[in-house]
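Based on what follows, work out the 3D shape:
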Amino acid sequence: MTSSLVLLGDSLVDTGNTTALAGLVGQDPFADRIYNGGGNRKASDGPVLAEQIARRLGARLSSTTRVNLLSLPLQRLAGGFDSSTQLWNFAYAGANSGLRGSRRVALARFPLGLRSQARVVAANAPRRADVDALIVAGSNDLQDLVDRPGRVLRALRSAGRRDDRRLSRQQARRIVANTRRAVDTISGNPSRGGFAIDEVVILGLAPLSQTPAVRAVAAGLRPPLGRDLRRFVDQTARRVNRQLKRRYNGPRRNDGVEVIDGFQVWNSVARPRFLDDVHPTAATAGRLADAVVRRIAASRDLSSYGFSA
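Residues are numbered from 1 along each chain as shown. Model prediction:
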């Protein structure tokens, strides 16, 4: 069974790292009253998706430690990882799948991306058995592209669909490559210098075309372009999920990695609701977590993912 669960990714996983970092310069990205109050502000009006998944896997949310990536390379965790902590959160709201953060939230200069998080995990993860990981990342990569849509619009306006398909493939390959490198880093791939995390769950991308953020950009365009932009975003997200599943899932795979299709999870929830322009409400996140945990339980690649009762 899981002894510690390492959380990596973006705002659907972050329980307060970005707020802690922003607090160093007197900022609070989640100060609006719609977000969860108190000293642990995050992109939710309750537990974020990763907390809801962890709770359903048997974890105690009170047993959580948040880790500041910017300080860790200079100073390792004093005394190493506390063996009693169940959740170690390396995630950052605004993280991209690569080394850095998102442009849209002014984190592009900071080494907070998924691959940077994985490097810190490899250097600091608890040296004990049954340490598992949950990864949720890639949405901010596409959101950055939509927020500055010139490149996408040029492809969409070109004759035929060859250019937008090419761009979609490029973006998907980059997200998949970053995710695979992160998994290699934390899961003990000897050729990549990895550290041996036991089992990994990757939650794939959801239909971002449904978010208010993407809908707003699409609504500001002429109808054909707006429709095509939303199609492009979902086409790319589906490519990411398909490529990750091809790499890690299947009857011949026994690598302790399970990819869960974010479209299937999202589409299983009736009337999902958003808290802001990109984040689901805590109630919606809870229903999404139920769908994720059902798929974890049904996985043939995972044998001990979850805390004992």
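
Tell me the spacing between the nearest residue to residue 18 once chain neighbours are set aside and residue 303.
Excluding its sequence neighbours, the residue lying closest to residue 18 (Cβ to Cβ, 6 or more residues apart in numbering) is residue 93, at 4.0 Å. (Each C-beta comes from the backbone N, C-alpha and C, glycine too.) Using Cβ to Cβ, to the nearest Å, residue 93 is found at 32 Å from residue 303.

Neighbour count for those two, which is higher?
residue 93 (30 against 11; other Cβ atoms under 10 Å).

can you give me the strands in the stretch 101-250 of the chain?
Remark: strands assigned in the stretch 101-250 of the chain by DSSP state E, counting those that start in this stretch are 131-136, 200-203.

Would you reformat the ones you listed as TSV and include distance to residue 280, mean pLDDT and mean neighbour count?
Shown next, in TSV, are the strands of the stretch 101-250 of the chain (distance: least, Cβ to Cβ, whole Å; pLDDT from 0 to 100; neighbours: other Cβ atoms under 10 Å):
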stretch	distance to residue 280	mean pLDDT	mean neighbour count
strand 131-136	12	95	26
strand 200-203	13	97	26
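
Redo the ones you listed as CSV? Include distance to residue 4.
Listed next are the strands of the stretch 101-250 of the chain as CSV, based on distance: least, Cβ to Cβ, whole Å:
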stretch, distance to residue 4
strand 131-136, 5
strand 200-203, 13
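
do you know which of the ones you listed lies nearest residue 117?
Nearest to residue 117, of all the strands of the stretch 101-250 of the chain, is strand 131-136, at 9.0 Å by Cβ to Cβ.

Could the C-alpha coordinates of the closest one be exported in PDB?
As requested, the backbone C-alpha atoms of strand 131-136 are provided in PDB (Å, rounded to 0.1, in the frame of the first residue of the first chain):
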ATOM      1  CA  VAL A 131       6.100   5.900  -2.400                       C
ATOM      2  CA  ASP A 132       3.700   6.600  -5.200                       C
ATOM      3  CA  ALA A 133       3.000   9.700  -7.400                       C
ATOM      4  CA  LEU A 134       0.100  11.500  -9.000                       C
ATOM      5  CA  ILE A 135       0.800  13.800 -12.000                       C
ATOM      6  CA  VAL A 136      -1.700  16.300 -13.400                       C
END
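
so what strands line up beside that strand?
According to DSSP bridges, strand 131-136 forms sheet pairs with strand 4-9 (parallel), strand 200-203 (parallel).

what's the distance between it and the middle of its chain?
10 Å (Cα atoms, centre = their mean, to the nearest Å).
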